[in-house]
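[1] Predicted model and sequence follow; I will ask about them next.
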Amino acid sequence: MLLEGINILYLGLILSTISLILALLYIWNLHRIDRISSSETPQTLSYSLELINDAVSILKADTFEIVYMNEHALKSRGLQSQSYVGKTLHELIPLEAVKYFIEKIRPLIDGTQNKLTYIDMQRAEEVTVYLADQDGNARHIVRVAKNISDRIKFETVKDEFISTVSHELRSPVTSIKGALGLILSGAVGPLPEKATNMVSIAHRNADRLVLLINDILDIEKIAAGSMRFRIEPCDINTLLHDAVEESEPYAEKFGVKIELETHNKSVFVNCDADRTLQVMTNLLSNAAKFSKPKSKIIIMTSQTDEMLTVYVRDFGVGIPKEAQDTIFDRFSQADSSDRRAVGGSGLGLSIAKAIVERHDGTLSFESEVNKGTTFSFTLPLTQEILSDSAKAVTNELRGV
Amino acid sequence: MTDKIKILHVEDDLDIQEVAKLSLEVFGDFEVKQCASGKEALEFAKGYIADILLLDVMMPEMSGEIVLKHLRELPNYQETPAIFMTARAQKDEVAALKALGAVDVIVKPFDPTTLAAEITKAIS
């Protein structure tokens, strides 16, 4: 079923590409209209546009008067042939739909862009809108809408598939990890040293598998927009203490210490505590993995009027320049051998970035090879409940 | 006679059953009785009084939530502390399970060396 879905998707993509090329040719023709014989122009173009599998509409940019709608566009709006002649957009489609369209094409109206694409989930369409300017003559808006219901269906099936597989994987992993854990604990008797080493490898990799399953589930939830957030005022210092407590045992494995250099007084930010903790855990585990042994990781914060910034600084190997552009991509690590060498799914930073952005914050980094990396992310401060003491800390940090 | 804490564990995966039983017996002071389905558990519970219910959530035919609902109808199980085990670790799913009256929700895969301690902590 999945393969069928992929085939449909590819077919859809090919048809869509052809359609787009035809549409672009038409727009090009709007610019170069004098190149076509005037007696043939309307019929030739109209005939070509009827062949396109997408809904194509052309309207005047100043009045929104409909100039042309192909068969697909008419059908998709439930209109009769030629029923649009002499009418404006407002006369043909509901006011809400007009408002939605105008809002979407605002950059075209403002003149900041001459082409844009958006997804209209309600109509299951990928809409590309062009502003065609005929060398100083009247400007036209060309709307090309591609039906993406198959793609949406495919995405839904894919999401369900990944979710089911990931959950189903947990059952055998529970048995594997559990059985290996019991053997290593000595619960079933002593093991020879070599066997202990082998079982340790298996146990460690079962842990990696769990991490990978969890991260794949998270990344899919983010992609599908189904990761739920409960954003409420949280004391960042409590949260950072929790993060240190949670990550310390992991950092110790790499001989790395975590130091928290923040004020102890409460400072509130608007966030989902669990997800922010997840961001911190990801950043701290990354920092630990790439730190030099016996070095430390420092956590700091700074504030502006509206935002709080959390810094996680390590003194490790750093991120090479060539890897910096893709460091937030899925399955991206500075060196392809890193994932195997230090563990991790290669999804942690991508997940952390998505979580921070969901809080209207940003996640960025500065890095120097062999000197270390500082990741920093911002969170909005909770303005209304800033206590006097918190305000004092805020002012102190800002040097007021 | 034994004064061990009695656990009724309902889990359809027999391998997980075995791992859980061994870890609860080695790392805790529990007497563990196990059933592979909700139907079997409801039958068994009529002749057995457990101190704790440990219920897998995703089981064919009868989910852990439904098993708990039916067990609560039995006179001896109206207030028995219930703990769910689940592979679905979403916050709202955990909250929904707790709303059914569960004292704890253990996420799979669990650590066999700390499972007993986690259950002891949940009921204390």
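    Structure's in. What do you need? Just so we're clear, the structure is a prediction, and the values are computed from it rather than from any experiment.

[2] Check chain A for its longest helix and report it.
    In chain A, taking DSSP state H as the definition, the longest helix is helix A:149-185.

[3] any bit of that helix sitting next to chain B?
    Yes. Interface with chain B: helix A:149-185 contributes A:167, A:170-175, A:177-179, A:181-182, A:185 (C-beta under 8 Å from any C-beta of the partner chain). In this view, the C-beta of every residue, glycine as well, is placed from N, C-alpha and C.

[4] How about the helix or strand containing B:A96 and chain A, touching?
    Using DSSP states H and E, B:A96 sits in helix B:91-99. Yes. Counting by C-beta under 8 Å from any C-beta, chain A is contacted by helix B:91-99 at B:91-92.

[5] Heading C-terminal from the helix or strand of chain B with the lowest mean pLDDT, find the next helix or strand.
    Here the helix or strand of chain B ranked lowest by mean pLDDT, DSSP states H and E is helix B:91-99, holding a mean of 84. Under the assignment DSSP H and E, the closest C-terminal helix or strand after helix B:91-99 is strand B:104-107.

[6] and that following strand, how far out from the chain's middle?
    10 Å (C-alpha atoms, centre = their mean, to the nearest Å).

[7] who does it touch, helix- and strand-wise?
    The helices and strands touching strand B:104-107, judged by 3 or more C-beta pairs under 8 Å, 6 or more residues apart in numbering or on different chains; DSSP states H and E, are strand B:82-86, helix B:91-99, helix B:115-123.

[8] just the ones you listed: most buried one?
    For the helices and strands packed on strand B:104-107, average neighbour numbers computed from mean count of other C-beta atoms under 10 Å in any protein chain shown are highest in strand B:82-86, which has a mean of 24.

[9] tell me what it is packed against?
    When contacts are defined as 3+ C-beta pairs under 8 Å, 6+ apart, strand B:82-86 sits against strand B:52-56, helix B:64-71, helix B:91-99, strand B:104-107.

[10] go again using 6 Å as the cut-off
    Under the contact definition 3 or more C-beta pairs under 6 Å, 6 or more residues apart in numbering or on different chains; DSSP states H and E, strand B:82-86 sits against strand B:52-56, strand B:104-107.

[11] Can you tell me what sits against the longest one?
    Where contact means C-beta atoms under 6 Å, 6 or more residues apart in numbering or on different chains, the residues beyond strand B:52-56 that reach it are B:7-11, B:64, B:67, B:80-85.

[12] Excluding chain neighbours, what is closest to A:I299?
    Setting aside the residues directly before and after it, A:I299 is nearest to A:L260 in space (C-beta to C-beta, 6 or more residues apart in numbering or on different chains), at 4.9 Å.

[13] For that neighbour, pull up the helix or strand it's in.
    With DSSP H and E as criterion, A:L260 is part of strand A:257-261.

[14] how about the helix or strand just after that strand, does it reach chain B?
    Once the chain leaves strand A:257-261, the next helix or strand it forms, by DSSP H and E, is strand A:268-271. No. Counting by C-beta under 6 Å from any C-beta of the partner chain, chain B has no neighbours in strand A:268-271; the shortest distance is 13.9 Å.

[15] what packs against strand A:268-271?
    Contacts defined by 3+ C-beta pairs under 6 Å, 6+ apart place strand A:268-271 against strand A:232-235, strand A:372-380.

[16] pLDDT weak spots in chain B?
    Applying pLDDT under 70 to chain B flags residues B:1-2, B:89-90.

[17] Comparing the helices and strands packed on strand B:82-86, which comes out most buried?
    Ranked by mean neighbour count, the helices and strands packed on strand B:82-86 are led by strand B:52-56 with a mean of 25 (mean count of other C-beta under 10 Å).

[18] Just the CA trace of that one, in CSV.
    In CSV, the C-alpha atoms belonging to strand B:52-56 read as follows (Å, rounded to 0.1, in the frame of the first residue of the first chain):
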residue,chain,number,x,y,z
ILE,B,52,-1.5,-4.4,42.9
LEU,B,53,-2.7,-4.5,39.3
LEU,B,54,-0.1,-4.1,36.6
LEU,B,55,-1.8,-3.8,33.3
ASP,B,56,-0.5,-3.5,29.8
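
[19] strand partners of it, parallel vs antiparallel please.
    Partners of strand B:52-56 in the sheet, by DSSP bridges, are strand B:5-10 (parallel), strand B:82-86 (parallel).

[20] Could you tell me the angle between the last one and helix B:91-99?
    For strand B:82-86 and helix B:91-99, the angle between their directions (axes from the mean of the first three to the mean of the last three C-alpha atoms, to 10 degrees) works out to 160 degrees.

[21] contacts for strand B:82-86?
    Contacts for strand B:82-86 (C-beta under 6 Å, 6+ apart): B:53-57, B:64, B:68, B:97, B:102, B:104-106, B:108, B:122.

[22] do that again at 7 Å, thanks
    Where contact means C-beta atoms under 7 Å, 6 or more residues apart in numbering or on different chains, the residues beyond strand B:82-86 that reach it are B:52-58, B:64, B:68, B:93, B:97, B:101-108, B:110, B:119, B:122.

[23] so who does the nearest residue to B:V10 once chain neighbours are set aside touch?
    Sequence neighbours aside, B:A41 is the residue nearest to B:V10 in space, at 4.4 Å (criterion: C-beta to C-beta, 6+ apart). Neighbouring residues of B:A41 by C-beta under 7 Å, 6+ apart: B:8, B:10, B:35, B:67.

[24] That'll do, ta.
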